[in-house]
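>>> Pasted the sequence and its predicted model underneath.
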Amino acid sequence: MAASSTSLSVSALILTFLLCISSNVQKSSAAITATKNSTKTYTNFLKTACNSTTYPQLCFKSLSSYTSTIKTSELKLCSTSLTVALKASSNTSKLVKSLAKNRGLSKIEAAIIRDCIEEIGNSIDEIKQSLKILGNLTDPDREYQIDNMKTWVSAAITDQNTCTDGFDGNKISYAVKRTIRKSIVNVARLTSNALALINKLS
């Protein structure tokens, strides 16, 4: 009887152990499935949102690594797109400032680059202003605040484009022109996409 009782206890323990393992496996499987579904939902949300922008491929490429932050929030989507544009603007500013240190620049090139640095600086300030507004949106003044944000972002785009306007009709080296224009075009497109996403808020 003692041996039989011990055998039953061991069997019960083994059964309990197997049931625990099975339960944990099911929970893990369910968690993985839920995560996959959430990731797919977030990705689809971003794709749909980006399709409304002027440069959808750039939009998705620049924001796809932030889907877990954005999720399905339009406010976080706008905030992230502006932050990405701000980071790109800051990098462009550093690039142009480094070009300004080139002693081989002509007087015209040096002057145009100085103007460009100023325009990029203005655009950075304007994007920061729009981020500040976005972070303090309140229902009573929501539409008014969104309009102000659009104004700031539009001004940033104008300043970015003004940076390269100085190239027209002036003798600028191909290397300088190409380097600045490539960086500015990318920044202007990112900012344009941010504006398109902000337009959807209203």
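Nice, thanks for sending it over. Quick caveat, the model's predicted, so the values are computed rather than measured.

>>> Need phi/psi at G166.
Reported as degrees, to the nearest 10, the phi and psi values for G166 are phi -70, psi -10.

>>> Help me confirm that it comes into contact with D115.
Yes. Judged on Cβ atoms under 8 Å, G166 makes contact with D115 at a distance of 5.7 Å. Every residue, glycine included, has its C-beta placed from N, CA and C.

>>> More neighbours: the two, which one.
Neighbours were counted for G166 and for D115 using other Cβ atoms under 10 Å; G166 has more, 20 against 14.

>>> Read off the pLDDT value for the closest residue to the more buried one other than its chain neighbours.
Excluding the flanking residues, the one nearest G166 by Cβ to Cβ, 6 or more residues apart in numbering is I112, at 4.0 Å. For I112, the pLDDT comes out at 89.

>>> So that it lines up with my notes, have the first residue be 12 from now on.
Done: numbering now begins at 12, and the last item shifts to I123.

>>> tally of neighbours for I123?
Around I123 there are 22 other residues, counting by other Cβ under 10 Å.

>>> I128 now?
Neighbour count of I128, defined by other Cβ under 10 Å: 17.

>>> Which per-residue confidence value corresponds to it?
At I128, the model reports a pLDDT of 94.

>>> Nearest residue to it in space, please, no chain neighbours.
V107 (5.4 Å).
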